[in-house]
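pasting the sequence and the predicted coordinates here, then a few questions.
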4 protein chains.
Amino acid sequence: MDEDSRYARWEQRTEIPLFLASLLFLAAYAARVLAETMPSVWKSLCGFTMLALWLVFAADYAVRRHLSGQRFTRFVRTHFLHTVVVLLPLLRPLRIVPLYDAIQNRQGEPRLSLHARVIAYASLSTLLLGFAGALAVYQRERGAPGATMKTFGDAIWWAAATLSTVGYGDITPVTPGGRAIAMCMMAGGLALLGAVTGSFSSWLLQIFSRESDRRPPEG
Amino acid sequence: MDEDSRYARWEQRTEIPLFLASLLFLAAYAARVLAETMPSVWKSLCGFTMLALWLVFAADYAVRRHLSGQRFTRFVRTHFLHTVVVLLPLLRPLRIVPLYDAIQNRQGEPRLSLHARVIAYASLSTLLLGFAGALAVYQRERGAPGATMKTFGDAIWWAAATLSTVGYGDITPVTPGGRAIAMCMMAGGLALLGAVTGSFSSWLLQIFSRESDRRPPEG
Amino acid sequence: MDEDSRYARWEQRTEIPLFLASLLFLAAYAARVLAETMPSVWKSLCGFTMLALWLVFAADYAVRRHLSGQRFTRFVRTHFLHTVVVLLPLLRPLRIVPLYDAIQNRQGEPRLSLHARVIAYASLSTLLLGFAGALAVYQRERGAPGATMKTFGDAIWWAAATLSTVGYGDITPVTPGGRAIAMCMMAGGLALLGAVTGSFSSWLLQIFSRESDRRPPEG
Amino acid sequence: MDEDSRYARWEQRTEIPLFLASLLFLAAYAARVLAETMPSVWKSLCGFTMLALWLVFAADYAVRRHLSGQRFTRFVRTHFLHTVVVLLPLLRPLRIVPLYDAIQNRQGEPRLSLHARVIAYASLSTLLLGFAGALAVYQRERGAPGATMKTFGDAIWWAAATLSTVGYGDITPVTPGGRAIAMCMMAGGLALLGAVTGSFSSWLLQIFSRESDRRPPEG
């Protein structure tokens, strides 16, 4: 059996369990951050679950690298999304878009169009980046002296204002850790804006060029 | 008579009354929110008017679905704007753009160009989203403890700063309901920005490709 | 002599004096707003100058309409920039871009490229909109109770933060008149953003398509 | 030896030393601004280093102008990036992108693609503009009465919020000098946004047109 088909078989067998594992990872992180009055044994359990899941993700990444038969530096470049979600496992549920695509493909259904895929990625990225970012910043801000972010609702409101680049400034992080995460979210917000406007722009151009083709020649 | 022409006839007969009904719906909502000293019998009247109008809109949607002869899930996808304005009747006046288009078409006049249609939708969406959003947020913020939004003028000013993604933050919603509506408005603001920049970009490209065609060949 | 050449001759003779008049208009407005301690006779003189200049602009617009031989509604659409600068004479110095273009054309020099023209319009519009908007808002805010905009420097700083959609909110207008002008500036800021990103995007595409043409065919 | 090859030889010999000198310039400026308790003899040394390095940059610019054999005004236009980094030496490390390109080219490796080059320039510009801008504004704000920017961490946080056009407004410059630099950074933030969205948009269009080509003709 050649390498390509072994890689494809590995992907086909692991993609659904790994996607469920990524949702569990997000849930464990949310529980650890939000349930303040949780007994410490449960907190430790959440922590161990996250560590175990991350080891599973890392092992999957190593197996894929081996099966692909590529050198490490090349694999990092050709499997960019895989690399990102190993380093930032909170973003792993983004893998649902290629997963959905692959299942459609296997059943002989048409794949999503380019624009639908860009819009699906952009919307999901926003929701995940906002939720995971709000959790991570809230964990650092909670109880800090002079913090304006007092509840998780405040954190969600702040994340929405940041990702849309509105930036009211009624609630802002004050700790160095919270600000560092916020800067990454700003970069994400810019990329998201670029994806939305770029996708809209190219969709308009495509419609326009179709309309030009449909018209009878003027000569 | 086949289904297509029956659908077209229904649309032709109902579109103007339904557009007037949508303006009445917006007026009734505005009256209910803004006229604080209105006797409660008038307030109830406004509420009943809104409910009755919404039932009319829902009935129109059901009739259209029946006349189109499509399954429900398919109809939702192919008549996306209709579905949105049944769920959010405050945005229903947006239907003026296809209405104007249809009337022009029937009279043998040329349809609006793609760019003119995008700009008309974007401008109208902004005005409607801003006005309806300011009303909805003002209803929730008025009288809330610690609210910075004290008059309807403040609400309009806040809505303009939000939709343009300027976001001064001198006035911000503080209630969970107001913030939830505000997040939807931020998403609308981003889409609007995408529409404006995308439309401008493709308009420039179109002008440029025309100029290229007009030039004599350099060889 | 036919109408086209009479229109062209009128334009050629009046464009430079009218451009100088538009700079005088802006200067008179700035003097009236900024020189608070100016004796009232000078203030009246500034006011009369502005009125007289505006009458000149309106007369020029009427003459152009007459010479074009078009109906009023059609002239408004085909001479959009002229109509805007008659209604908002503070923006009239924008006419320098077609003026420069016309002078280059007459001397047989090449016209500005499309991208250079868009960038020139966008930059000039920003500077003029910012300066005129800061003047107009400052006039309304100065001395208002609770105003955060205390000097003209504050007004310029606020205008820059608004047009770039940054929107710090450290200084914001509080009077209804100031806020109404600010909303127009926000719309201008969005259009400017669209012009800049659209122009950049189409410039990139143009470079890219040139690079594709230059490559040898792969077959 | 003709002028072209002498220019190329000069560039090839000086580009790496000049790049290292530009990093030294940035480091000297950062040391001068940040090390408040540094003895004044060290401060003077930093100042002299910066002056000496700037003279080197200016001399390099003059030599290049001479070797190119072009008139001054033409050289300014055709070597735009060189001119900018002579006037604003803090941005000089941007020259790493053409430097990397030239080294790749000399070794027979393929050049960066247009999109990769735009993204590399945009990311590097953001980091440099943010770091240099934060230094320059912090120097003016430190110790000013009523300043909200109290540490260099605050300055970095403010620069990130400005370049991404989020603009919280929790920290804003209050001195005229700081505000003037901030306005230049806002213009840079807009251009950056245009580069990111424009690049993304044209990348999408390119992918789309490739997919269209790959499909079999429908007829």
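Right, received. Where do you want to start?

gap between the residue nearest in space to the middle of chain A and residue A:130?
By Cα atoms, centre = their mean, the mean C-alpha position of chain A lies nearest to residue A:91, the distance being 3.3 Å. Distance from residue A:91 to residue A:130, counting by Cβ to Cβ, to the nearest Å: 11 Å. C-beta here means a position set from N, CA and C on the backbone, and glycine is covered the same way.

about what we covered before: residues touching the residue nearest to the centre of chain A, list them.
Residues near residue A:91 by Cβ atoms under 8 Å, 6 or more residues apart in numbering or on different chains: A:84, A:85, A:125, A:128, A:129, A:132.

where is the longest helix in chain A?
In chain A, taking DSSP state H as the definition, the longest helix is helix A:176-214.

and it, what does it pack against?
Secondary-structure packing of helix A:176-214 (3 or more Cβ pairs under 8 Å, 6 or more residues apart in numbering or on different chains; DSSP states H and E): helix A:114-141, helix A:152-163, helix B:114-141, helix B:176-214, helix C:176-214, helix D:152-163, helix D:176-214.

show me how chain A divides into domains.
A:1-92, A:112-219 (automatic domain parsing).

for the shortest one, give the mean pLDDT please.
The one in question is domain A:1-92. Averaged across domain A:1-92, the pLDDT comes to 85.

how many neighbours does residue A:55 have?
Look at residue A:55: counted by other Cβ atoms under 10 Å in any protein chain shown, it has 10 neighbours.

so it is in which element?
Assigned by DSSP states H and E, residue A:55 belongs to helix A:40-68.

next helix or strand past that helix?
helix A:72-78.

what sits up against that next one?
Contact with helix A:72-78 is made by A:64, A:65, A:68, A:70, A:83, as judged by Cβ under 8 Å, 6+ apart.

which ChimeraX command selects the buried ones in those?
Selection command for ChimeraX covering only the buried members of the contacts of helix A:72-78, criterion 16 or more other Cβ atoms under 10 Å in any protein chain shown:
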select /A:64,65,68,70
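
chain B next: which of the contacts of helix A:72-78 are close?
The overlap between the contacts of helix A:72-78 and the neighbours of chain B (Cβ under 8 Å from any Cβ of the partner chain) is empty.

same list, the helices and strands packed on helix A:176-214, but as JSON lines with distance to residue A:187, mean neighbour count and mean pLDDT please.
As requested, the helices and strands packed on helix A:176-214 are exported to JSON lines (distance: least, Cβ to Cβ, whole Å; neighbours: other Cβ atoms under 10 Å in any protein chain shown; pLDDT from 0 to 100):
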{"stretch": "helix A:114-141", "distance to residue A:187": "10", "mean neighbour count": "19", "mean pLDDT": "84"}
{"stretch": "helix A:152-163", "distance to residue A:187": "11", "mean neighbour count": "23", "mean pLDDT": "94"}
{"stretch": "helix B:114-141", "distance to residue A:187": "27", "mean neighbour count": "19", "mean pLDDT": "85"}
{"stretch": "helix B:176-214", "distance to residue A:187": "16", "mean neighbour count": "20", "mean pLDDT": "76"}
{"stretch": "helix C:176-214", "distance to residue A:187": "17", "mean neighbour count": "20", "mean pLDDT": "76"}
{"stretch": "helix D:152-163", "distance to residue A:187": "9", "mean neighbour count": "24", "mean pLDDT": "94"}
{"stretch": "helix D:176-214", "distance to residue A:187": "10", "mean neighbour count": "20", "mean pLDDT": "76"}
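
out of those, which comes closest to residue D:39?
Closest approach to residue D:39 among the helices and strands packed on helix A:176-214 is made by helix D:152-163 (19.8 Å; Cβ to Cβ).

the residue of chain A found nearest chain C: which element?
Going by Cβ to the nearest Cβ, chain C is nearest to residue A:169 of chain A, at 5.9 Å. Using DSSP H and E, residue A:169 sits in no helix or strand.

OK, contacts around it?
B:167, B:169, C:168, C:169, D:167, D:168, D:169, D:170.

pLDDT at the fourth one, what is it?
We have a pLDDT of 90 for residue C:169.

list phi and psi for it.
As for residue C:169, its main-chain torsions (degrees, to the nearest 10) stand at phi 90, psi 10.

same thing with the last one?
As for residue D:170, its main-chain torsions (degrees, to the nearest 10) stand at phi -70, psi -30.

report the contact partners of the spatially closest residue to it that is not a sequence neighbour.
Nearest residue to residue D:170, sequence neighbours excluded (Cβ to Cβ, 6 or more residues apart in numbering or on different chains): residue A:172, at 4.5 Å. Residue A:172 sits next to A:148, A:149, A:158, D:168, D:170 when contact means Cβ under 8 Å, 6+ apart.

residue A:172 and residue A:149, how far apart?
Distance from residue A:172 to residue A:149, by Cβ to Cβ: 8 Å.

also residue A:27?
To residue A:149, residue A:27 is 22 Å away according to Cβ to Cβ.

and the longest helix of chain A with helix A:152-163, angle?
50 degrees (axes from the mean of the first three to the mean of the last three Cα atoms, to 10 degrees).

off-centre distance for helix A:176-214?
Put simply, helix A:176-214 sits 15 Å off its chain's centre (Cα atoms, centre = their mean, to the nearest Å).

residue numbers of chain A in contact with chain D?
With Cβ under 8 Å from any Cβ as the criterion, chain A meets chain D at residues A:114, A:118, A:162, A:165-169, A:172, A:176, A:179, A:182-183, A:186-187, A:189-191, A:193-195, A:197-199, A:201-202, A:205-206.

in terms of neighbours, single out the busier of residue A:27 and residue A:149.
Relative neighbour count places residue A:149 above the other of residue A:27 and residue A:149, with 23 against 13, counting by other Cβ under 10 Å.

ignoring the adjacent residues along the chain, who's closest to that one?
Closest to residue A:149 by Cβ to Cβ, 6+ apart is residue A:141, at 4.4 Å.

residue A:179 is in contact with the one you found, correct?
No. Here residue A:141 lies out of contact with residue A:179, judged by Cβ atoms under 8 Å, at a distance of 9.8 Å.

hey, what's in contact with both of those two?
residue A:173.

interface residues of chain A facing chain C?
Going by Cβ under 8 Å from any Cβ, the residues of chain A near chain C are A:165, A:166, A:167, A:168, A:169, A:197, A:198, A:201.

tell me the SS of the third one?
Classification of residue A:167 into helix, strand or coil gives coil, according to DSSP: H, G, I helix; E, B strand; the rest coil.

tally of neighbours for it?
32.

you'd agree it is up against residue D:162?
No. Between residue A:167 and residue D:162 there is no contact under Cβ under 8 Å: 10.0 Å.
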